[in-house]
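Colleague: When you get a sec, could you give me coordinates for this:
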Amino acid sequence: MEEIPDSGSECTLPKSPARDGCKAAQEGVCEQVKLRLRPSLLVHAEPVIHSPEFLPGSLYVLSGPVFRKCHILPFTMPAFHETLFILGFNRNTKESCLLPLLDHLKDTLGNFLTQTLQEDSSLSTSVDFVLQPNGKDYVIHVKSLDFGPDCTENLIIGSIVTSTIVKHKHQCFVFVSINLDLLVMLAYDISDWRILWTFDNRFLKRFAPGKIEHFKSYSLYPPCYVHDVSFWLDEKNTFDELEFHTVARAVSRDTIVSIQFLDRFQHPETQQVSLCYRLTYQTCDKALTPQLAAAMQSQFRKEIQRELHVSPR
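Modeller: I've put the predicted structure just below:
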């Protein structure tokens, strides 16, 4: 099985002192325990197929939340719910098993999205499996989305990975990963992924078992506030834009909906480099005040200086 890239997030939590009355426990000394947030359910695939209970030809389904570091973009989520389908079959029957599986999956996703669309929606027969350069894997695209100019033409909602394993050299495995949050956004016409994590009862009451109604925003014109930030890089001119977005997300608690690069300036004498970005603040379930947006921007300037070692201008 191909190695899964380690892009998870790591955090450290205090471990409870032992209960055996040891001196460390009495003094309240806590050992730190490192936890790693999984970037994909694929990290659980290998234990499943190596399990003695694994039966080739049976379909295994895993579901759960996953986490990743990512840029702040309208349809890119730092956390989402993923479903992983695992199927193993004889290598000699790969073509006869894989192609019907892909056709069935495409029809199922296409029918699901089509039956939930409004009559005036521009989403056509939408699901497409795009073969990757390695010639064996696919990404699942949905085309012609009606989510406005912020959405790309092709939205990736999942992937299909085929693999062989030394221990099971006579078998081939297929791993189908689906981003359930994006699938729900398509089905209910939700253009902001953050609303899926709200505790607002107005959102929860819109959904009833067996009934699908397209989501309508609480406000037609939610207020947004734009702030620019400029800063000098360090002497080595090093800058990690992903970490910049990560700090912005943490400070704003996901109220920043857009980060736009504006300008790069290099001082003619010192050769020091300055970058300028534009940040847009907006909430998805309540009105954001200008005072709170300004306070978060002020805190953000302090945090990038501390975390990224830049000098705000």
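Colleague: what ranges do the strands span in the stretch 51-200 of the chain?
Modeller: 59-67, 79-90, 127-131, 138-143, 154-165, 168-179 (DSSP state E, counting those that start in this stretch).
Colleague: ugh, wrong one, I meant the stretch 201-313 of the chain
Modeller: 225-232, 256-266, 273-281, 311-312.
Colleague: Identify whichever of these lies nearest to residue 39.
Modeller: With CB to CB as the measure, strand 256-266 is the member of the strands of the stretch 201-313 of the chain nearest residue 39 (21.5 Å). Just so you know, the C-beta spots here come from the backbone N, C-alpha and C atoms, and that holds for glycine as well.
Colleague: how about the closest one: buried residues?
Modeller: Neighbour counts over strand 256-266 (16 or more other CB atoms under 10 Å) mark 256-257, 259 as buried.
Colleague: do stretch 129-139 as well
Modeller: Under the neighbour-count criterion of 16+ other CB under 10 Å, stretch 129-139 has 129, 137-139 buried.
Colleague: List the neighbours of it that are in contact with it.
Modeller: 102, 106, 140-141, 154, 156, 158-162 (CB atoms under 8 Å, 6 or more residues apart in numbering).
Colleague: what about it, how long is it end to end?
Modeller: 6 Å (CA to CA, to the nearest Å).
Colleague: swap in stretch 217-227?
Modeller: Stretch 217-227 has an end-to-end distance of 25 Å (criterion: CA to CA).
Colleague: change the start of the numbering to 542 and stick with it
Modeller: From this message on, residue numbering opens at 542, which makes the last subject stretch 758-768.
Colleague: quick one: buried residues of that stretch?
Modeller: For stretch 758-768, a neighbour-count test (16+ other CB under 10 Å) marks 763, 766, 768 as buried.
Colleague: right, and the first one touches residue 821 too?
Modeller: Same thing as residue 763. No. Counting by CB atoms under 8 Å, residue 763 stays clear of residue 821, with 11.5 Å between them.
Colleague: List the contacts of the residue nearest the centre of the chain.
Modeller: Compute the mean C-alpha point of the chain, and by CA atoms, centre = their mean the closest residue is residue 618, 3.2 Å away. Residue 618 makes contact with 611, 720, 722-723, 734, according to CB under 8 Å, 6+ apart.
Colleague: Next, format these as JSON lines and append pLDDT and neighbour count.
Modeller: Shown next, in JSON lines, are these (pLDDT from 0 to 100; neighbours: other CB atoms under 10 Å):
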{"residue": "611", "pLDDT": "94", "neighbour count": "15"}
{"residue": "720", "pLDDT": "96", "neighbour count": "22"}
{"residue": "722", "pLDDT": "94", "neighbour count": "20"}
{"residue": "723", "pLDDT": "92", "neighbour count": "23"}
{"residue": "734", "pLDDT": "92", "neighbour count": "22"}
